[in-house]
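Student: Okay, here's the prediction I keep looking at, along with the sequence it came from:
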Amino acid sequence: MGRKKVVVGMSGGVDSSVAAYLLKEQGYDVTGVTMQIWQKEDACTIEHEGGCCGLSAVEDARRVAQTLDIPYYVMNFRDDFQKSVIDYFVKEYKNGNTPNPCIACNRYVKWESLLRRAVEIGADYIATGHYARILQLPNGRYTIQESATRHKDQTYALYNLNQYQLSHTLMPVGDYNKDEIRKIAEEAGLIVAHKSDSQDICFVPDHDYAGFIERETGEKCKPGNFVDRDGNVLGTHKGIEHYTIGQRKGLNLPGKNPYYVCEIKKDTNEVVLGDGDSVYSDTVYVKDASFMAVEDMKEPKELMGKIRYSHKGAECRVTPLGNGRLKCEFKEKQRAVTPGQALVLYEKDHIYGGGIIEKR
């Protein structure tokens, strides 16, 4: 029986490079692939901006593959990325939500599209440089376990991978911390050993989300009213695409006390403002729920919930409502629960399931 074949998604960074190195050391037949996903190549070539899909990323990944003596290819996934990530990103912001494009990219591009292509060329697995671990539970189901280092844990952005994808995935970096990964890269002679990490959203390197949406749609953001929680007009906003729940900066409104965005109303094009307490809530409603640890959720359960990537997680009681919806009641109020973001549920050190925040 021959060696198991694995396609490693190589972004040109140290984590995915070390993932390829570790798998080769473990005896796998490794092929490196960089996913060409961005539409305008020059937008992602500036290395210090953290681009993960431009020419500099391709060159770094190619040189690492040469060092490791493994086959290397660049595959075009631009159409998939446009449909599943960019179009979704724009639509959500236009609807007054705050999306997480990395979650969509992981599920529908890095896994669904790459895994399909990998299987077509005879691979058994795909692998990435995520700080997470694949775990098979006693009930036979696959889930994602937190990485060895909580500081770099990336499980939140992977909550909606399905059982087929998980069973064909390897995540060798999850057993190490960042310093250990850089040391391995250095000892292996990889040129990316001290390359800085990618930051923020790769296709909006200037962080101007509203400007990106205007360029993508060819439409200017539509101004509307800032209102208080009683509906009184406080001023004029620049367009709902400019705002997110909990935001305080950039409102440019006079007042004795600071205002915070506590609700965005697409139908009336209003941004609702309140005081600091207005952005706290203990109840969250979720749609499009999916589960890893179980096939489906039938009864209420005590779990840990994370409402954003940087959230530490908090105790909550989760009740299934049917049709992919959940009600999540936190024991303590949480700040800035944001529609469009994911609520990821954990049981002990692994993902139980999750879904998209609908309202609070």
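Tutor: Cool, the structure landed. Residues are numbered from 1 along each chain as shown.
Student: my guess is G246 contacts V279, does it?
Tutor: Yes. Between G246 and V279 a contact is recorded at 4.8 Å, counting by Cβ atoms under 8 Å. C-betas here are computed from N, CA, C, even on glycine.
Student: Which of those two has more residues huddled nearby?
Tutor: When neighbours are counted by other Cβ atoms under 10 Å, G246 and V279 differ, and V279 comes out ahead with 22 against 18.
Student: hey, where'd the helices end up in the stretch 201-350 of the chain?
Tutor: 209-217 (DSSP state H, counting those that start in this stretch).
Student: hmm, back to that, touching both of G246 and V279, which residues are there?
Tutor: Among the neighbours of G246, those also in contact with V279 (Cβ atoms under 8 Å, 6 or more residues apart in numbering) are 260-261, 335-336.
Student: now those residues: which count as buried?
Tutor: Buried by 16 or more other Cβ atoms under 10 Å: 260-261, 336, out of these.
Student: quick check, nearest of those to Y125?
Tutor: Lowest distance from Y125 to the buried ones among the shared contacts of G246 and V279 (Cβ to Cβ) belongs to A336, with 37.6 Å.
Student: related to what we said a few turns ago, will you turn the shared contacts of G246 and V279 into TSV that also has pLDDT and distance to L114?
Tutor: Converted to TSV, these look like this (pLDDT from 0 to 100; distance: Cβ to Cβ, whole Å):
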residue	pLDDT	distance to L114
Y260	97	40
V261	97	36
R335	97	35
A336	96	33
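Student: So which of those sit within strands?
Tutor: Among the shared contacts of G246 and V279, the members falling in strands (DSSP state E) are 260-261, 335.
Student: Could you list the low-pLDDT ranges of this protein?
Tutor: Filtered on pLDDT under 70, the chain yields the residue ranges 1, 38-55, 199-200.
Student: same thing but at 90, please
Tutor: Along the chain, the model assigns pLDDT under 90 to residues 1-3, 36-57, 149-152, 195-207, 252, 254-257.
Student: Longest helix in it, please.
Tutor: helix 55-68 (DSSP state H).
Student: follow-up on the earlier one: in CSV, list the shared contacts of G246 and V279 along with distance to T236.
Tutor: Below are the shared contacts of G246 and V279 laid out as CSV (distance: Cβ to Cβ, whole Å):
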residue, distance to T236
Y260, 18
V261, 14
R335, 26
A336, 23
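Student: of the residues you listed, closest to Q154?
Tutor: Closest to Q154 out of these is A336 (21.1 Å), distances taken as Cβ to Cβ.
Student: how about R107, phi and psi?
Tutor: phi -70, psi -50 (degrees, to the nearest 10).
Student: Who are the contact partners of it?
Tutor: R107 is in contact with 84, 160-161, counting by Cβ under 8 Å, 6+ apart.
Student: swap the cut-off to 7 Å and go again
Tutor: Listed by Cβ atoms under 7 Å, 6 or more residues apart in numbering, the contact set of R107 reads 160-161.
Student: and the gap between it and S290?
Tutor: R107 is 9 Å from S290, where distance means Cβ to Cβ, to the nearest Å.
Student: intersection of neighbour lists for the two?
Tutor: Going by Cβ under 7 Å, 6+ apart, residues that sit against R107 and also against S290 are N160.
Student: Could you double-check that L137 lies in contact with A293?
Tutor: Yes. Between L137 and A293 a contact is recorded at 6.1 Å, counting by Cβ atoms under 7 Å.
Student: what about those two, which has more around it?
Tutor: Taking other Cβ under 10 Å, L137 and A293 do not tie; A293 has more neighbours (21 against 14).
Student: quick one: which of the buried ones among the shared contacts of G246 and V279 is nearest T67?
Tutor: When the buried ones among the shared contacts of G246 and V279 are compared for distance to T67 (Cβ to Cβ), A336 wins out at 43.9 Å.
Student: now T236: how far from E219?
Tutor: To E219, T236 is 18 Å away according to Cβ to Cβ.
Student: Export only the CA atoms of stretch 265-281, formatted as PDB.
Tutor: As requested, the backbone C-alpha atoms of stretch 265-281 are provided in PDB (Å, rounded to 0.1, in the frame of the first residue of the first chain):
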ATOM      1  CA  LYS A 265     -32.000  49.100  10.400                       C
ATOM      2  CA  LYS A 266     -31.700  48.200   6.700                       C
ATOM      3  CA  ASP A 267     -35.400  48.800   5.900                       C
ATOM      4  CA  THR A 268     -35.400  52.400   7.200                       C
ATOM      5  CA  ASN A 269     -31.700  53.000   6.500                       C
ATOM      6  CA  GLU A 270     -31.300  54.100  10.100                       C
ATOM      7  CA  VAL A 271     -28.400  53.600  12.500                       C
ATOM      8  CA  VAL A 272     -29.600  53.400  16.100                       C
ATOM      9  CA  LEU A 273     -27.400  54.900  18.800                       C
ATOM     10  CA  GLY A 274     -27.400  54.400  22.600                       C
ATOM     11  CA  ASP A 275     -25.300  54.600  25.600                       C
ATOM     12  CA  GLY A 276     -22.600  52.100  26.700                       C
ATOM     13  CA  ASP A 277     -25.100  49.800  28.300                       C
ATOM     14  CA  SER A 278     -27.200  49.500  25.100                       C
ATOM     15  CA  VAL A 279     -24.600  47.300  23.400                       C
ATOM     16  CA  TYR A 280     -24.800  44.600  26.100                       C
ATOM     17  CA  SER A 281     -27.200  41.600  25.800                       C
END
